[in-house]
Structure formats: structure tokens, C-alpha cells
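Visitor: Next comes the sequence, and after it the predicted model I'd like to discuss.
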Number of protein chains: 2
Amino acid sequence: MARMAAAGDTEHGTLAERLLAGDRRALARAITLVENDDPRGLEVVRAVYPHTGRAAVIGFTGPPGVGKSTLLGALTKLERARGRSVAVLSVDPSSPFTKGALLGDRIRLSEHFLDPGVFIRSMASRGALGGLSEATLQAALLMDAAGRDVVLLETVGVGQAEVDIIDHADTVALVLMPGSGDSIQALKAGVMEIPDLIIVNKADHPLTETMVREVRAVLALGPRAAWQVPVLRTQAETGVGVQEVLAKLAEHRAHIEAQGTLRERRRRHLRSEVLALAAARLRRDLELALSEDPGFQRLLDRVVARELDPASAAAELLSAPGARGSVPLPPRPGAR
Amino acid sequence: MARMAAAGDTEHGTLAERLLAGDRRALARAITLVENDDPRGLEVVRAVYPHTGRAAVIGFTGPPGVGKSTLLGALTKLERARGRSVAVLSVDPSSPFTKGALLGDRIRLSEHFLDPGVFIRSMASRGALGGLSEATLQAALLMDAAGRDVVLLETVGVGQAEVDIIDHADTVALVLMPGSGDSIQALKAGVMEIPDLIIVNKADHPLTETMVREVRAVLALGPRAAWQVPVLRTQAETGVGVQEVLAKLAEHRAHIEAQGTLRERRRRHLRSEVLALAAARLRRDLELALSEDPGFQRLLDRVVARELDPASAAAELLSAPGARGSVPLPPRPGAR
């Protein structure tokens, strides 16, 4: 199946085979390979890719502290009660300053740690080919291939990096809490695209209705669309309103399936992914080739000395002897 | 000076010449060209680049609503009182949902609109070569070349996109307000690197001291560095504490000049910039070549049909006949 010997091959089969059989340890191992940018990780993805596309991938974003992990725990509980298997993927596009935050949140999912029907994984940003966003998709594909019915994708914040990650989901939910003013401002300012669902958690807070009104006012500024974004109130700690979230998620999925937008979304996301991976590879090749190169250092010296501007320096790099003179042509169909 | 006729050439000289003479309209025109990804914009940057590197570029980031614009207004007032010319560049890495936010903030700088010593400009994300971050640097270079002593760079939020933008500054300040919990969490989670200054605005709020303590606690988790990050209290509306901010900014500049880190920072930023511009150009060439290409559509069809995984599709793109077979070599020194 795999063209090179995959890491984790045993007498019970290749890593890819064990992953497809639903082996949790094989899944964990494959994600680690992807995260570490090990070529064997992409090899496993390649092998299992034909078995993907079945899971519902649902993204959750929002500021830290609103209770996303608690909500994910509550949703997981309900999904498990219906007999559906779940994978949770928490992604933190953070700098290396401190790494405790998401790990701490994992504790809130701890009641599911012993359930084989629940697979929980955090990812951080080091060394992933083409960035964390690309590694996230690869990990989600592996979870999908391992037979998880639902993949819950979680990220913190509403910046571009978080949006790029959450864009791999079929359905996107923004989680807020009363008083999380930064985020409503971000939504208002258009830093974030309109999500498919908005969930106001900690809805026992006295400012809940104010928050719901503010959110509705922001939504009213946006364009009219076929899907009307619901604003839901939850208290994830006690489970209040979580059933309703599940129902709306199912409704949204039925909507995008019926409208053909699920297929459209996935095609658009996969297109971005292919281009991002190709561009990342070009950039990495460039950086690798230049990192120790004395010619590049001299070019930079000229930029620092204000003799040559950055854009001209970039153009010089690309037009240098040996540089690729033409744009890659797409392969002929069936050329492979 | 410019190799092609620059937009805005008049009997008073080329656009670049007028910009170097400090002409505000020439500066505005040149930034528009850069923002619109007009090749004549880069041509102007190229022409004026030898005259850059003199301005102090100071970045301000933080969530919406903390009073960044009011603070920038107050700082501008003090700089003007010392006879220094100022440029303010507000950058909004937002989606096209709504564009009112930063424009509204501009009103807070309105008392400076008629002062020729103050130049104010907003930028949004459309069509900039290599993304908004690259366009931001180009605009800052133009302001620098136009003889502005101080360039105040402002962005909203602490996501990766905002960090990339603010990284062009010599000195970075994070602006918070009491109760802006999302941001302190982001800092704690390491979503943002440690800034050079932290400013707690609206410091007449009863929760100010709690906020200052929280910030100090987060800073204490970080590594010890030669520069101790000051936590300052301001009330930008009335000007309280703003003089102190100015003093700390000057102190930080003296520090990085004395330590040689200013030169180091700028070299690092310019290096990233050159690589980002080169990579962006490669990506754009790729996207342009592929956008209408039936072969690429068929490749995508195979990805969507789960026959071919995204990474293999990216590899096929780059290894296709006509694709660039080797990594660009850096130019020989003096080859130009």
C-alpha cells in the first residue's frame, strides 16, 4: 500500500492498515509523524486518503476562557450517547512563549480519556509543512480515515491563522461569552468571516441578553444568505442548551448537503490546500537553498545598507541564473 | 530615477522626487499605488529606498476598543510639540464583511487632520502583493522616505496576521484596558510574543491594578531578557501617563541602538520580507497559471473524488513537465 516502509509497521499490518482498522495508537502515531513533518506522515495520508470524506468536521473558534473545551466535552457526551465516535483536535497557532494553555483545557475533557470512542489530540505549530493549517487538515484526514464519525476542530482566537485552520471544517461555530467584547468587536470589524453558528456560552450571566442582541445587530449588518445564522445560548458546565447546538449542527449539515455547498466548500478548501502546500514547498526549497548561501547574505547586506529595496531583491532572487524560469504547468491528466 | 514613467509625474518632478521633498499628496498617491498592487508603486519604493531607515517605526497592537487611536492621537500631540513630524498607518487585516471600524477610529485623530506635520492613513487587505504585511512595510518605507520622523503603525488584534504586520516595527507596544481578558489570555497562551512595552489604558478603571498584576504575572513566566518590559498606565483621553510612554519608547530605542539589536531586528525583518515577497511571487505565478487551467481542474477533481491526496497533488503540480526543476540560486554579487 505504502511505497516506502511506513513507521509503525508491525506484524499486525502497516501503520495505514492499522489506522484504517480504527487503531487509536496507529492514529496517534500517524498524527505525530505529520506534526513532525516526517515524510512518512504524508505517506500514510496518501495511503488512507481514499477512505476519507465521511466524517463531519465541525470547527469551533472563539477567545480563550469562554468555555469551548467544556462545550466540546458536553457535545462529545451527547454524540457518544447516540453511538457516534468522536475525535477532538485542538490547535494552538501560538508562539513558543508558553505552552500550557490548551493542555490545561484538556483537563475539561478528562472524563472522556478512557472512552475508546473518543480520541483527543492537541497540536502546536512547530515544524509542520506549509504551516499549522496544512498539518491540521492532514490530522483531520487521518481522524476521518480512522473511522471517526465526528471530528471536532478547536482553535483559539479569530485572527487570520485561526481562520485558516477553522476553514477546513464543514461547519464553523463561533463561541462567545457575555462580556467578551474583544471578540464581538472583531466580528464587527470583519476580522472574522460570519460563522455558521454563534454560541453564547455561560448564558446564566446577567449580560447574556445584551450579548445576544449585540451579536444579532452585527449579523444584521451582513449580507442576506440562504442560511440564517442561529444565535444559541448554552451553559456547557451543566449541559443546558447543548442538545440544541447538536440539532442546529445537524440542520446546518443537512442544509449544505441539500444546497450542494458542502461539496463546493470542500472543493474550495482542497484547492487552497493544494496551492498552499505547493507554495510552501517552493518557499521551503528557497529558504533551504539560501539559508547558508553567501550570495544571499550579500544580497541582504545590500538591502540592509539601503542600496537595494526588498521587492527588487526578491525579483533578483527569482531571476538569478539557475532560478526557475517558468511557472509550473499542471500535469496532463493520466500522466501519473 | 525611475526606469518607467511613474504615475503622478508632473512639471514639479517625478512622484518619487516629490515624495522625497515631503509632498503629502505624492506620499498618499504612492501608498495607493502600493496598496493597489500597481507595479509603479514598487518602482517608487525602489527609487526612494536609499533614503529610508531614518524614521523610528513604532507598532501598537491590542484588541479593539482599548483606546489605541486616542493614545496615538495623544502621542502625536506630544511629538508635534517637540517639532517631530508624524505618520500614522492603521492596518486592518480584516475580511470584507464590513469596513467601518478603523475608519470610525480615525475620527479620534481628527484634531490632527489639518496639521501638515501629521499624515494619517488606513490600509485594508485587498490586492496587496504578498499580502497585507508586505504592503504595510512598503507603505512604512514610503512614509520614512517622505521625511517623517516617527511612523506609528497600528493594528487590531493579536493573531498571526497582526503579529506579522507589527513585526515591521522597531519597537512594539501592546495596548490593553482593564477587563480585556481575551488579550491577557492570548498573551498568556503565547499567541503573541512578548512586546517591548505594555500599556494599560483607561487606567481610571477600578480594575486597573488587577490588570497590571495579571500582566506582570504573565511577564514573570517569560524568559529573562536584557530589556525589562515596562507596564505603563495611561488615560489617553486626558493625556495622563502619555509623556511616560514617550519616555519609555525613547529609552527602548536607545537600548536597542546601544545593544546593536535595532540593526539585528531590521536585518531579520528585511530577510523575512525578501523571502516572503519571493515566495508570494512564486505562489501568485502558480495561481495565475493554474486558475483557468483545465489540467488543474482535473487534478482537483481527483482530489475531491478522494483519488489523490492534497500533498501528492501539490507534488504533481511542482514536478509536472515545464515545472521549475531546481531551486533558484541566489545572484552572484555584482551580477546586476
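Guide: Received the coordinates, thanks.
Visitor: May I ask which helix or strand encompasses the residue nearest to A:Asp167 when sequence neighbours are not counted?
Guide: Nearest non-adjacent residue to A:Asp167, counting by CB to CB, 6 or more residues apart in numbering or on different chains: A:His269, 6.1 Å away. Using the backbone N, CA and C atoms, a C-beta is placed for each residue, glycine as well. Applying DSSP states H and E as the criterion places A:His269 in helix A:261-291.
Visitor: for the stretch 51-200 of chain A, what are the low-confidence residue spans?
Guide: A:92-110, A:124-131, A:157-163, A:180-183, A:185-192 (pLDDT under 70).
Visitor: Helices along that one, start to end?
Guide: For the stretch 51-200 of chain A, applying DSSP state H, counting those that start in this stretch gives helices covering A:68-81, A:100-106, A:132-145, A:160-166, A:181-188.
Visitor: do the first one and chain B meet?
Guide: Looking back up the chat, that one is helix A:68-81. No - Helix A:68-81 lies apart from chain B when judged by CB under 8 Å from any CB of the partner chain; the minimum separation is 11.8 Å.
Visitor: So for that helix, what gets flagged as buried?
Guide: Residues of helix A:68-81 classed as buried by neighbour count (16 or more other CB atoms under 10 Å in any protein chain shown): A:Lys68, A:Ser69, A:Thr70, A:Leu71, A:Leu72, A:Gly73, A:Ala74, A:Leu75, A:Thr76, A:Lys77, A:Glu79, A:Arg80.
Visitor: isn't the fifth one right up against A:Leu153?
Guide: No - here A:Leu72 lies out of contact with A:Leu153, judged by CB atoms under 8 Å, at a distance of 9.8 Å.
Visitor: Need the residues touching each of the two.
Guide: Between them, A:Leu72 and A:Leu153 share these contacting residues under CB atoms under 8 Å, 6 or more residues apart in numbering or on different chains: A:Phe60.
Visitor: ok, back up a step: beyond the helix holding A:His269, next helix or strand please.
Guide: helix A:294-304.
Visitor: For that next one, name the packing helices and strands.
Guide: Applying 3 or more CB pairs under 8 Å, 6 or more residues apart in numbering or on different chains; DSSP states H and E, one finds that helix A:294-304 makes contact with helix A:310-319, helix B:261-291.
Visitor: what is the orientation angle of the first one with helix A:261-291?
Guide: Going by axes from the mean of the first three to the mean of the last three CA atoms, to 10 degrees, helix A:310-319 is angled at 90 degrees with respect to helix A:261-291.
Visitor: Report the backbone C-alpha coordinates of helix A:310-319 in CSV.
Guide: Output of helix A:310-319 as CSV, limited to C-alpha atoms (Å, rounded to 0.1, in the frame of the first residue of the first chain):
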residue,chain,number,x,y,z
PRO,A,310,13.2,44.3,-0.7
ALA,A,311,11.0,43.8,-3.7
SER,A,312,13.9,44.3,-6.1
ALA,A,313,15.9,41.8,-4.0
ALA,A,314,13.1,39.3,-4.3
ALA,A,315,13.0,39.8,-8.0
GLU,A,316,16.8,39.3,-8.2
LEU,A,317,16.5,36.1,-6.3
LEU,A,318,13.9,34.7,-8.7
SER,A,319,15.6,35.9,-11.9
